[in-house]
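1. Predicted model and sequence follow; I will ask about them next.
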Amino acid sequence: MRIFAGNKPLPDAMPRNNGCHGTAGLTTRKQHHDAMLTTTRAIVLHSFKYGESKLIVELLTASHGRMSCIATLSKSPRAGLKKQCFQPLFIVEAVIDVRQRARLQRIKEARVAVPYATIPFEPTKLAVAMFLAEFMRCATRGEPLDEPAFAYVENSLRWLDGCTGSTANFHLVFMMRMARFLGFYPNTDGYRPGCRFDLRASCFSTDAPMHADCLPHEESQRITMLLRMNYPTMHLYKMTRAERNRMADVILRYYQIHMPDFPELKSLAVLKELFAGG
């Protein structure tokens, strides 16, 4: 079991945007024997077709964290479950039949709770969303996430959808702050100029450790810069394309160290091609 590396509060961990009201009170439950109908806000991580009329859907939910579900699609144009609801990172409100012994929970109802205005229609934002969907699918596997973690992800997506400025640093900020909810957010207490960041120990040190998972001074300073960023101010921090791509590699290596089953992300190559400028 991992513990938090740092003990400082995370500023702006759940950014608000355009009148968003958070996710409190979004789950209701009705229990019957070993089954429990749960109405919850959920974020679609992945879905694929199963048979002629079913989908297997991976969800991040406010009520139960990560869930594997099955949905039977309706042939009626006016009622039932629609495939369009289960696009990557769509925010939905779902009624789920939760059974403790079931490998797949059954989605009874689902509707889009937060229609996106820009993410599906702007190529850059869509590519960022596809990367984050793959990242979240890997980062949340087997992790006991709670409602604050869900709220962070939902509000981050809503901020991305409403942003009218640069989003070049968005994926970096998102991944660094997500580490707080997974238990290995970097401890900055010992930082001072000239320190190195130890990826294994999640802290800064003046002495180089006896392993190779340690960043040089310049990249260590860039980690502190990323930890100071939030969504509204991230456009003020300029990086070259090479620097930004290098930091993406560093952060993903950091996740691989602390989550040994974390794989290489296929969508990273596409994302690296997007942000040629600041």
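-> Received it, and whenever you're ready, just let me know what you need. Please read these numbers as outputs of a predicted model, since none were measured by experiment.

2. contacts and neighbour counts: CA atoms only from here.
-> Will do.

3. and stretch 144-153, what's its mean pLDDT?
-> Per-residue pLDDT over stretch 144-153 has a mean of 93.

4. measure D198 to I223 for me?
-> Applying C-alpha to C-alpha, to the nearest Å, one obtains 11 Å for the distance of D198 from I223.

5. before we move on, what about Q256?
-> With C-alpha to C-alpha as the criterion, Q256 and I223 are 17 Å apart.

6. what about those two, which has more around it?
-> Between Q256 and I223, counted using other C-alpha atoms under 10 Å, the more crowded position is I223 (20 against 15).

7. could you give the mean pLDDT of the helix or strand where that one lies?
-> Taking DSSP states H and E as the definition, I223 sits inside helix 217-228. Averaging pLDDT along helix 217-228 yields 93.

8. got the buried residues for it?
-> Neighbour-count burial for helix 217-228 flags E219, S220, Q221, R222, I223, T224, L226, L227 (criterion: 16 or more other C-alpha atoms under 10 Å).

9. Distance to P260 added to those, as TSV?
-> Below are the buried residues of helix 217-228 laid out as TSV (distance: C-alpha to C-alpha, whole Å):
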residue	distance to P260
E219	23
S220	22
Q221	26
R222	24
I223	21
T224	24
L226	23
L227	23
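
10. any idea which of these is the one closest to P263?
-> P263 lies nearest to I223 out of the buried residues of helix 217-228, by C-alpha to C-alpha, at 21.8 Å.

11. and that closest one, what is it in contact with?
-> If you count contacts by C-alpha atoms under 8 Å, 6 or more residues apart in numbering, I223 has them with F197.

12. Okay, it and F197: tell me how far apart.
-> Here I223 is placed at a distance of 8 Å from F197 (C-alpha to C-alpha).

13. Show me where the stretch 101-250 of the chain has its strands.
-> Taking DSSP state E, counting those that start in this stretch as the criterion, the stretch 101-250 of the chain carries its strands at 105-112, 196-198, 203-205.

14. Mind giving me the packing neighbours of the second one?
-> Using 3 or more C-alpha pairs under 8 Å, 6 or more residues apart in numbering; DSSP states H and E, the elements in contact with strand 196-198 are strand 203-205, helix 217-228.

15. Quick one: closest of these to E154.
-> Closest to E154 of these is helix 217-228 (C-alpha to C-alpha; 19.9 Å).

16. ok so, going back, turn the helices and strands packed on strand 196-198 into TSV, including distance to R244.
-> Listed next are the helices and strands packed on strand 196-198 as TSV, based on distance: least, C-alpha to C-alpha, whole Å:
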stretch	distance to R244
strand 203-205	21
helix 217-228	10
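
17. hang on, V44 in a helix?
-> No. Membership of V44 in a helix is not supported by DSSP: H, G, I helix; E, B strand; the rest coil, which gives strand.
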